[in-house]
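[1] quick one: sequence plus predicted model below, questions after.
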Amino acid sequence: MQLVKMQCPNCNGEVRQVGEGKYLCERCGTSFLADYDKEDVEYQKLKLVSEREKMQHEREKSGMNNLQRPQQLRREAKGLAIVVLSVFFVSFLTIGMIIIGIVNSAGREASRSYDQYKKRQESQEARTRESEERARAKEEEAKRLQEEKESKAAEEKAAKLEALKITPQDLLADDFFLENANAAMRSQLEKNSNLYYTNWVWNEEPEYLTSYILLAKDEENAEHNILISIYKVHWDKVFDDRTEHYIMYDGACLYNVSQNEDGTIQTDYVAHPFSYNSEIVANQFLHGYSDYDQMIRQEIYGKSDYQYEEFQFPEETDTE
């Protein structure tokens with residue numbers, strides 16, 4: 001085939017192909033059709049055959065590929081499944097190993113933490129026991145010291161009370177005390193009389209009955225010992241034509257009775273009424289009690305801060 005430059009026969013412009021066997025002048029726009037010779041026809045036939053063979057080959061190749069494609073897809077799917085399963089298994093195994101490692105690590109950490117907690121707890125319990133034991137020891141020691149202190153105080157109190165204790169024998173051994181104490185208390189009996197009516201008189205001298213020494217139980221009042229003497233007092237209510245006789249029980253006391261170092265008895269010898277009780281007898285207030293037992297219950301037994309002992313003054317002292 002020869003290469004020919006195509007020019008428009010009308011204007012001599014360039015002609016370009018615009019289709020199969022069609023040409024166009026770019027200057028004047030004239031269209032032309034190609035007039036093929038024998039060689040060109042043979043070339044076109046060969047070209048068509050070649051293109052048909054190429055297309056047939058492509059179709060056969062495509063058909064073969066279409067037959068092989070499912071098998072390939074199945075192989076690829078199987079391989080992918082194996083890969084996925086392998087990856088999943090490896091991942092599961094890896095994750096399992098990681099989880100097992102974490103669990104084991106957490107278990108070991110928990111075990112260490114529990115062991116540490118147990119040790120701290122045991123240490124704390126030991127310290128608590130030691131603290132409690134020290135507290136108990138201190139408490140027991142304080143209790144022992146308190147008991148010793150109380151025992152010592154009780155002994156000192158008992159010793160002081162014993163030293164200040166006065167017995168009836170101590171009183172009876174001091175003649176000076178007996179004489180003056182009896183005189184002071186008889187004088188107080190007269191002061192106890194507060195007669196409203198003039199027709200009331202003592203029938204006779206008060207009759208001495210008994211005495212009590214009351215010792216204070218508290219060492220702070222140990223020097224406040226009391227000596228009480230009780231008398232029977234005879235009263236007469238005198239009328240023009242008769243006399244009525246009445247009896248009252250009265251007495252007097254000395255406070256702050258104590259013993260000197262030489263054994264003599266110390267007091268101020270200022271007697272006081274041992275009772276402020278009065279009763280109306282025949283329309284007259286008389287000092288004392290008409291019931292002897294009631295007087296003893298109230299005035300002797302009723303003094304709970306004292307311990308008492310009854311004794312008798314000597315007869316000769318009573319009559320003076």
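    Alright, I've got the coordinates. Numbers count the residues shown, from 1 in each chain.
[2] contacting residues for residue 270?
    Contacts for residue 270 (CB atoms under 8 Å, 6 or more residues apart in numbering) come out as 184, 254. The way it works is simple: take the backbone N, C-alpha and C, and place the C-beta from them, glycine included.
[3] mean confidence score for the lengthiest helix in the chain?
    The longest helix of the chain (DSSP state H) is helix 38-164. Averaged over helix 38-164, pLDDT sits at 76.
[4] tell me which helix or strand comes right after that helix.
    The helix or strand immediately downstream of helix 38-164 is helix 168-172, counting by DSSP states H and E.
[5] what sits up against the helix or strand that comes right after that following helix?
    As assigned by DSSP H and E, the chain's next helix or strand after helix 168-172 is helix 175-192. Helix 175-192 has contacts (CB under 8 Å, 6+ apart) with 171-172, 206, 227, 229, 231, 233, 250-254, 264-265, 267, 269-273, 287-288, 313-314, 317-318, 320.
[6] give me the buried positions along helix 175-192.
    177-178, 181-182, 184-186, 188-189, 192 (16 or more other CB atoms under 10 Å).
[7] burial of residue 74, as a residue count?
    Residue 74 is flanked by 10 other residues according to other CB atoms under 10 Å.
[8] what do you get for residue 234?
    A count of neighbours around residue 234, defined by other CB under 10 Å, yields 16.
[9] before we move on, back to that, need the buried residues of helix 175-192 in CSV with distance to residue 167, can you?
    Below are the buried residues of helix 175-192 laid out as CSV (distance: CB to CB, whole Å):
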residue, distance to residue 167
177, 13
178, 14
181, 15
182, 18
184, 21
185, 19
186, 24
188, 24
189, 26
192, 28
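[10] looking at those, which one is closest to residue 258?
    residue 177 (11.1 Å; CB to CB).
[11] for that closest one, give its distance to residue 210.
    17 Å (CB to CB, to the nearest Å).
[12] and the helices in the stretch 201-320 of the chain?
    292-296, 315-319 (DSSP state H, counting those that start in this stretch).
[13] mean confidence score for the last one?
    Model confidence over helix 315-319 averages 49 on the pLDDT scale.
[14] count of neighbours near residue 290?
    Quick note: residue 290 (other CB under 10 Å) scores 15 neighbours.
[15] residue 233 is in contact with that one, correct?
    No - with contact defined as CB atoms under 8 Å, residue 290 does not count as touching residue 233 (10.7 Å).
[16] common neighbours of those two, please.
    247-249.
[17] among the residues you listed, which are located in strands?
    The strands, defined by DSSP state E, take in 247-249 from the shared contacts of residue 290 and residue 233.
[18] noted, bye for now.
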